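Colleague: Model the following, please.
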Amino acid sequence: MTTVSTDPAARAPQARLIYGCMGLGGGWDRTPYTAEDVDRAQAAVETALECGISVFDLADIYRFGTSEAVFGEVLARTPGLRERITVQTKCGIRLAEGDRPGLYDLRGDSILRRVEESLARLRTEVIDTLLLHRPDPLTGPDEIAAALHELHRQGLVRRFGVSNMSAAQLAQLQSRLELPLVANQLEMSLARRDWVEAGVLLNTSAATSNGFPEGTLEACVDRGIQLQAWGALARGRYTGDADSPTAELLRRLARSKDTTPETVLLWWLARHPAGIVPVIGTSRPDRIRACRDAALRAPDLTHEEWYELWITARGTPLP
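Modeller: So this is what the prediction gives:
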């Protein structure tokens with residue numbers, strides 16, 4: 001059994017909100033980014049910082065690499081910024097190219113190569129946290145762990161985590177690692193509720209269709225693994241000009257708490273005792289500012305208000 005480090009520095013940084021950079025870097029068409037793309041990225045980063053957000057989430061595939069590249073440009077433009085923030089990126093997905101379909105690749109040499117490419121695009125000497133973006137069923141945990149240990153030995157990555165992995169996959173990989181896995185990023189929102197539904201559907205006919213891997217949230221909590229929620233704003237489904245009972249409830253709660261519907265939506269995640277940290281992916285400064293209170297204030301939802309949001313969004317009573 002591998003001995004796992006208990007050094008607090010090996011844990012994920014404490015944060016109420018993470019800024020997701022998938023929207024930065026131009027289009028999804030492999031065209032080079034422009035100076036305007038860098039300007040927009042800088043405006044988004046500066047707004048996030050103003051709102052108290054200091055953890056920035058990227059991936060090597062976002063905008064075919066240009067999200068990392070424009071973020072690196074912002075770092076180069078802003079002396080001292082790198083020391084003030086946490087940079088998190090991901091590897092493990094290879095997008096479709098020519099006749100080859102998209103696939104997952106966590107082979108050791110692929111991880112090492114893609115981290116080198118991310119470092120070059122980001123213009124930084126070290127990645128604070130590297131997440132494995134998707135499970136690769138064709139690569140064993142020993143090969144993955146060997147690559148992660150090598151990256152840490154070289155001082156290229158400080159911490160490691162995963163994305164979209166189950167409790168069993170986490171446990172298998174962790175058993176080969178000396179460093180603790182610090183994060184698991186999953187799609188979680190008021191619209192994507194299977195993670196919370198799984199905990200109450202036991203012994204009901206709906207349990208078999210839920211699909212969320214049993215025990216994943218509990219395993220993360222017990223191991224001190226930070227749960228990060230991608231898609232936390234539900235792609236705008238309940239905010240802006242949305243017209244639904246859930247959207248109206250969010251607006252009513254926001255008015256009563258002197259905040260925004262976006263904040264209440266994020267508070268619904270953060271109020272869960274698993275300590276979920278939402279990732280917001282908008283590139284619009286006005287929408288980033290709408291999330292400000294979620295970064296600066298503790299979740300202000302009562303037990304009853306949290307359940308009212310859940311039940312309204314699911315559209316049927318709890319079992």
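Colleague: CA atoms for contacts and neighbours, from now on please.
Modeller: Noted.
Colleague: backbone phi and psi for V182, please?
Modeller: Backbone torsions for V182, taken as degrees, to the nearest 10, come to phi -100, psi -20.
Colleague: Let me know how buried the residue lying closest to D293 once chain neighbours are set aside is, in neighbour terms.
Modeller: Nearest non-adjacent residue to D293, counting by Cα to Cα, 6 or more residues apart in numbering: T263, 6.0 Å away. A count of nearby residues for T263, using other Cα atoms under 10 Å, gives 22.
Colleague: ok, now which ones touch T263?
Modeller: Shown in contact with T263 (Cα atoms under 8 Å, 6 or more residues apart in numbering): A254, A290, C291, R292, D293, A294.
Colleague: where in this protein is pLDDT low?
Modeller: Low-confidence segments of the chain, defined by pLDDT under 70: 1-9.
Colleague: how about the strands in it?
Modeller: Ranges of strands in the chain, per DSSP state E, are 18-20, 55-57, 86-91, 93-94, 103-104, 127-132, 157-163, 181-187, 226-230, 277-280.
Colleague: From the contact counts, what lies against the fifth one?
Modeller: Based on contacts counted as 3 or more Cα pairs under 8 Å, 6 or more residues apart in numbering; DSSP states H and E, the elements that strand 103-104 packs against are strand 93-94.
Colleague: Tell me the strands beside the strand it packs on, with direction?
Modeller: Next to strand 93-94 in the sheet, as set by DSSP bridges, lie strand 103-104 (antiparallel).
Colleague: Give me the contacts around the strand it pairs with.
Modeller: G92, I93, R94, L95, A96, R134, P135, D136.
Colleague: Now for the contacts of T263, which sits with the most neighbours around it?
Modeller: That'd be A294 among those, by other Cα under 10 Å, with 28 neighbours.
Colleague: give me every residue that touches that residue.
Modeller: By Cα under 8 Å, 6+ apart, A294 lies in contact with R16, L17, T263, V264, L266, W267.
Colleague: Name the nearest of these relative to P245.
Modeller: For the contacts of A294, the minimum distance to P245 (Cα to Cα) is 14.6 Å, reached by V264.
Colleague: The closest one against L250, yeah?
Modeller: Yes: V264 lies in contact with L250 (Cα atoms under 8 Å); the separation is 6.5 Å.
Colleague: The two - which one has more neighbours?
Modeller: Shown here are V264 and L250; by other Cα under 10 Å, V264 has more neighbours (27 against 21).
Colleague: quick one: which of the contacts of T263 sit in helices?
Modeller: A254, R292, D293, A294 (DSSP state H).
Colleague: What's the end-to-end length of stretch 91-110?
Modeller: Using Cα to Cα, to the nearest Å, the end-to-end distance of stretch 91-110 comes out at 9 Å.
Colleague: Only the buried residues of that stretch, if you could.
Modeller: Residues of stretch 91-110 classed as buried: C91, G92, I93, R94, Y104, D105, L106, R107, G108, S110 (neighbour count, 16 or more other Cα atoms under 10 Å).
Colleague: gap between I311 and R223?
Modeller: Per Cα to Cα, I311 is found 30 Å from R223.
Colleague: just to revisit the earlier point, for the contacts of T263, could you give me a markdown table that also reports distance to Q154?
Modeller: Converted to a markdown table, the contacts of T263 look like this (distance: Cα to Cα, whole Å):
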| residue | distance to Q154 |
| --- | --- |
| A254 | 48 |
| A290 | 40 |
| C291 | 37 |
| R292 | 37 |
| D293 | 39 |
| A294 | 36 |
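Colleague: picking that back up, report the two of the ones in helices among the contacts of T263 separated the most.
Modeller: A254 and R292 (13.0 Å).
Colleague: re earlier: how far away is the residue nearest to D293 from E248?
Modeller: 14 Å.
Colleague: Then D60?
Modeller: Distance of D60 to E248, given as Cα to Cα: 37 Å.
Colleague: So for the two, which sits in the more crowded spot?
Modeller: More crowded of D60 and E248, by other Cα under 10 Å: D60, with 26 against 16.
Colleague: just checking, the more buried one touches E116?
Modeller: No: using Cα under 8 Å, D60 is not in contact with E116, being 10.5 Å away.
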